[in-house]
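J.: Sequence first, then the predicted structure, then my questions.
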Amino acid sequence: MTDAAAAPAADVKPHLTRTHVLELLRGMIRIRRFEEKCVELYGQEKIRGFMHLYDGEEAVAVGVAAALDPADRVVATYREHGQALARGLSMESALAEMYGKATGCAGGRGGSMHFFDAETNLYGGNAIVGGGIPLAGGLALGDRMQGRPHITVCFFGDGALAEGEFHETMNLAALWGLPVLFVCENNLYAMGTAVARVQANTDFAARAASYGMPAGAVDGMDVVAVEAAARRAVAAMRETPGPHFLECRTYRFRAHSMFDSQQYRTRDEVKDWREKGPIVRFQGWALEAGLVHEADIEAIEAEVAKQVENAAAAADQAPWEPVEDLLRHTVADERPAPPAPPAPGETVETTYREACKQAITEALLNDERVFIMGEDIGAYGGCYAVTKGLLAEFGPERIRDTPLSEAAFTGAGIGASMVGMRPIVEIMTVNFSMLALDQILNTAATVRHMSGGQFGAPVVIRMATGAGRQLAAQHSHSLEGWYAHIPGLRILAPATLEDARGMLLTALKEPDPVLIFEHVMLYNMTGSLAKNAGAVEIDRAAVRREGSDITLIAYGYSLWKALEAAEQLAGEGIEAEVIDLRVLRPLDDATIMASVGRTRRAVVVDEGWRTGSLSAEIAARIMEQGFFSLDAPVGRVCTAEVPIPYPKHLEDAALPQVADIVAAARAAMGRG
């Protein structure tokens, strides 16, 4: 380790007693024999899919695990068998997960790349290179904000150092003093690409140190050296919370995965590394030092062999999860009851922007677990001034200005939510959410499913959406339909002052991730709002105008265009019913079908592009569920298939307008 990483000395060194030496040796042999059995079972097609073996890297997992307390948290990689077993996961649970059986550590839903285990505080293997790094930052953030002394360890390979999520999170962790031990397992190859061919600077410790954290490198084939370095780092972090980086220089003896023919390296290279492997090396030293004897090794091998065979037998006999449970763990089995609407009270004139701010303020006042973070939300007051003044009222711990690093702070919000906090993540505009899509799609939306229901991510993510302000193609998207495509998320689109205030309050009680899309053209909208307005239900669409001739279905800013179109149609003798979707996932089919069943015609208004749009999904559902009640095809009014132009007249031409809705309704009525 570097001098900066030095910590309290003698009391944190490994005590190489006979007992501890046997523990370290047993831990490495246990991993090695488990994986050898996995290779055999893969050949028998009892394990399928990708399987990435840890063979050769055992000293890293065992050495780091020896420095941790049971309450510390671990985020692993897709090569996590060794990390999971070193952490204390049983072979039975691990192998059943490899099979995909219901008795696996994640109920068989994660498989080889996604071990989760709440009992050992294992927060999952992550199949996205670098994808677990922001999550680890969030776990540490949640613990630190709640005054817990835990350390989070995050394992990742050398390939992750080229990913943006690594750099974003290193900066954030150093900036906020997050107690994360970043462990880089540098096995010299990212899949088949040698480090020397793709890294301009292979001094990884220096790269990490540039972010202002203690960083160092260690021989990852030496379990004692790894443990000593990990103990020093952990001791220092417990004394002064903040991140540390440890590069463990190691080598994987087997292929990247079972599909890898290893054309990128020679057999002699692998043979040379095997001769100095961690088990051979440590076992030889322990025998020479007289700390263990051949009989001890034979006993360990026999003990582990029995464990492996018992685990295989148990996995063979374990039950599969029934097909009837297919949809289970997509979202939580139980949700809080919807809030009761308050009695009508005195109203006040306000804006949509202020309604959003009131909701955030109320949440911060009523729940100490709530905090908000995002770019420029503090001193600047937010791009749309929603959070203006909150920094002075609540302070920088709860109003967190972040670097421009959407993946890192979104992942941090997800992680913090998993350990008891209630984060509100503000992404300035929906376009920027593309930079956080990995964290939203691959972690927030999937963690409950992949963990077999052990972990949820009750994070709320707010973002501005839509066009109309002449912000041109890169700041004018309406991508909520993309997110509505993803199982595991709840998607909200508040169009009224009541919903702008109330949806956030309800979302913060949800057990699963909620995304709230606030249209940029609504922030200045004024209206009356009850002084006692509070949380609202977030399950159903709302009929905003009753009618008998045609149903107009819209959400967000388009709702108000649909209502204006309905007024024009009424002047022509066409009574349009207007539905505000409010909730884009899950869609409220019942309200939609009931309305279409009455009016027998429908037009869907959607600011997304027509191809593959949310309007297409709604039209398909109407055709599937209400075809025989229709008197005309379902009409759609969508944004033109073009990047949103900058000139006002072209922007207006591209977006759904009142005249377009009126024309579509007339066509459905046979008056086009």
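T.: Ah, there it is.
J.: Mind jotting down where the strands sit in the stretch 151-300 of the chain?
T.: For the stretch 151-300 of the chain, the strands defined by DSSP state E, counting those that start in this stretch cover 152-157, 180-186, 189-190, 193-194, 215-219, 244-249.
J.: Where among the ones you listed is average confidence lowest?
T.: Least confident of the strands of the stretch 151-300 of the chain, judged by mean pLDDT, is strand 193-194 with a mean of 78.
J.: Direction included, what does that strand pair against?
T.: strand 189-190 (antiparallel) (DSSP bridges).
J.: now the strands of the stretch 151-300 of the chain as TSV including distance to Glu498 and mean neighbour count?
T.: Every C-beta, even on glycine, is put in place using the N, C-alpha and C of the backbone. Conversion of those to TSV gives the following (distance: least, C-beta to C-beta, whole Å; neighbours: other C-beta atoms under 10 Å):
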stretch	distance to Glu498	mean neighbour count
strand 152-157	40	28
strand 180-186	41	27
strand 189-190	51	21
strand 193-194	54	14
strand 215-219	51	22
strand 244-249	48	26
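J.: could you dump those to TSV with distance to Thr77?
T.: Output for those, formatted as TSV (distance: least, C-beta to C-beta, whole Å):
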stretch	distance to Thr77
strand 152-157	5
strand 180-186	8
strand 189-190	11
strand 193-194	16
strand 215-219	18
strand 244-249	13
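J.: closest one to Glu275 among these?
T.: Within the strands of the stretch 151-300 of the chain, the stretch nearest Glu275 is strand 215-219; the backing value is 15.0 Å (C-beta to C-beta).
J.: for the strands of the stretch 151-300 of the chain, which one sits closest to Leu365?
T.: Using C-beta to C-beta, the nearest of those to Leu365 is strand 152-157, at 29.2 Å.
J.: Alpha carbons of that closest one, in CSV - could you do that?
T.: The C-alpha trace of strand 152-157 is given here as CSV (Å, rounded to 0.1, in the frame of the first residue of the first chain):
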residue,chain,number,x,y,z
THR,A,152,-18.8,-1.8,1.9
VAL,A,153,-16.4,-3.8,-0.2
CYS,A,154,-16.7,-3.7,-3.9
PHE,A,155,-15.0,-6.3,-6.1
PHE,A,156,-14.4,-5.6,-9.8
GLY,A,157,-12.0,-6.6,-12.6
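J.: got the angle between it and strand 180-186?
T.: Strand 152-157 runs at 20 degrees relative to strand 180-186, counting by axes from the mean of the first three to the mean of the last three C-alpha atoms, to 10 degrees.
J.: gap between whichever strand or helix holds Leu650 and the chain center?
T.: According to DSSP states H and E, Leu650 maps onto helix 648-654. Its chain's average C-alpha position is 36 Å from that of helix 648-654, according to C-alpha atoms, centre = their mean, to the nearest Å.
J.: Just the CA atoms of it, as CSV, please.
T.: Extracted as CSV, the C-alpha positions of helix 648-654 are listed here (Å, rounded to 0.1, in the frame of the first residue of the first chain):
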residue,chain,number,x,y,z
LYS,A,648,-40.4,27.3,-33.0
HIS,A,649,-42.5,26.7,-36.1
LEU,A,650,-40.8,23.4,-36.8
GLU,A,651,-40.9,22.3,-33.1
ASP,A,652,-44.7,23.1,-33.0
ALA,A,653,-45.2,21.1,-36.3
ALA,A,654,-43.4,18.1,-34.9
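J.: mind listing what's buried in that helix?
T.: Of all the residues in helix 648-654, those buried under the rule 16 or more other C-beta atoms under 10 Å are Glu651, Ala654.
J.: And the next helix or strand past it?
T.: Counting by DSSP H and E, what follows helix 648-654 is helix 658-668.
J.: That next one: which residues count as buried?
T.: Val658, Asp660, Ile661, Val662, Ala663, Ala664, Ala665, Arg666, Ala668.
J.: Show me what that helix packs onto, helices and strands only.
T.: For helix 658-668, the elements it packs on are strand 550-554, helix 557-570, strand 602-609, strand 635-639, judged by 3 or more C-beta pairs under 8 Å, 6 or more residues apart in numbering; DSSP states H and E.
J.: Could you point out which of the ones you listed sits nearest Arg232?
T.: Of all those, strand 602-609 comes closest under C-beta to C-beta, at 53.0 Å.
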